[in-house]
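K.L.:
A predicted structure for the sequence below; I have some questions about it.
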Amino acid sequence: MDKIGDEIIRIGLPLTHGSNLYPMVKPQSTTVTSLKTVPEDGVEVWSITFTSLDCTYVETVRHISSKGPLPMEVFRRRPAGDIYRGIVVHVDVDEGDEISRADLEEHLKLVREGDALIVDAKGYTDRWWMKKRGVIDAQDYNLKSPYFSDQAMRGIIEAGTAVLCGNFPSFSNPKTEKGFGIDMIAEFYKKEGNMILAPLLNLPKIKETEVVLQINPIDIPGCCSLLSCPIVYQGMLKQRLLKFLANL
């Protein structure tokens, strides 16, 4: 059940084809090619093309670096654990469209330092899920993804976003040579503890702008990306959780 009343909305992908967590990739369902090496760190970065929507995952800077906290380390340091105040923005974009800073600006004003920003790109992953039930043409799903402009990412960073969430697979233009947002994501990750949560379902069902996000990760020791079963709370339940967060 993806929605319980009006207060609880499950936004994670059903696990129907096994898990494919980076860096624990399965060669039979993944194409792995070398992308570049980060000179100052010596970590080799890989371009990974998924051929199935295996899971919703939460990841930290350890996705691209040997330094920094793993997801569970971030949650253990926070009084609220994996629970965050969130701001939801529904963006009217089509396949391959750029999400501009102007598209987000009014909602970025509502973000507080340490919040989650949840971006619905017109139900992008929902449409793929309904069409293919999780089995996708990676070239289409990835390369037709909406994406953030550099200025949009700059605004997200400046707003103090701690968890960037979306229902699309690429956070910068996947058709560029660099692809899949390595540079801007590295900039986002300069703030220790920042994380990405994606891909998501059911975001169009969220009716409120201010919500509470619970990530619900499964602890896999040493893994930089954790399978997650995230939930969004709105309505009266959200209000109670916001009071809980405010009193920490």
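P.N.:
Nice, thanks for sending it over.

K.L.:
Secondary structure element holding residue 55?
P.N.:
Of the helices and strands defined by DSSP states H and E, none includes residue 55.

K.L.:
That one and residue 171: what is the separation?
P.N.:
With distances taken as C-beta to C-beta, to the nearest Å, residue 55 is found 18 Å from residue 171. All C-beta spots, glycine's among them, are computed from the backbone N, C-alpha and C.

K.L.:
Quick one: the strands in the protein, in order.
P.N.:
For the chain, the strands defined by DSSP state E occupy 3-4, 8-10, 30-38, 43-50, 57-59, 83-90, 98-99, 116-120, 147-148, 163-166, 195-198, 210-214, 225-227, 231-233.

K.L.:
Name the nearest residue to residue 204, ignoring sequence neighbours.
P.N.:
With C-beta to C-beta, 6 or more residues apart in numbering as the criterion, residue 204 has its nearest non-adjacent residue at 4.7 Å, and that residue is residue 123.

K.L.:
Ok, residue 90 next?
P.N.:
Residue 90's closest residue in space is residue 120 (C-beta to C-beta, 6+ apart), at 4.6 Å.

K.L.:
Report pLDDT for that neighbour.
P.N.:
Residue 120 carries a pLDDT value of 99.

K.L.:
So in this protein, which helix runs the longest?
P.N.:
Using DSSP state H, we find that the single longest helix of the chain is helix 235-246.

K.L.:
Buried ones in stretch 59-75, by neighbour count?
P.N.:
Residues 59-65, 68-72, 74-75 are the ones in stretch 59-75 that count as buried (16 or more other C-beta atoms under 10 Å).

K.L.:
now swap in stretch 167-179 and tell me
P.N.:
For stretch 167-179, using 16+ other C-beta under 10 Å, the buried residues are 167-174.

K.L.:
Among these, which pair sits farthest apart?
P.N.:
Of all pairs drawn from the buried residues of stretch 167-179, the greatest distance, 17.4 Å, lies between 167 and 173 (C-beta to C-beta).
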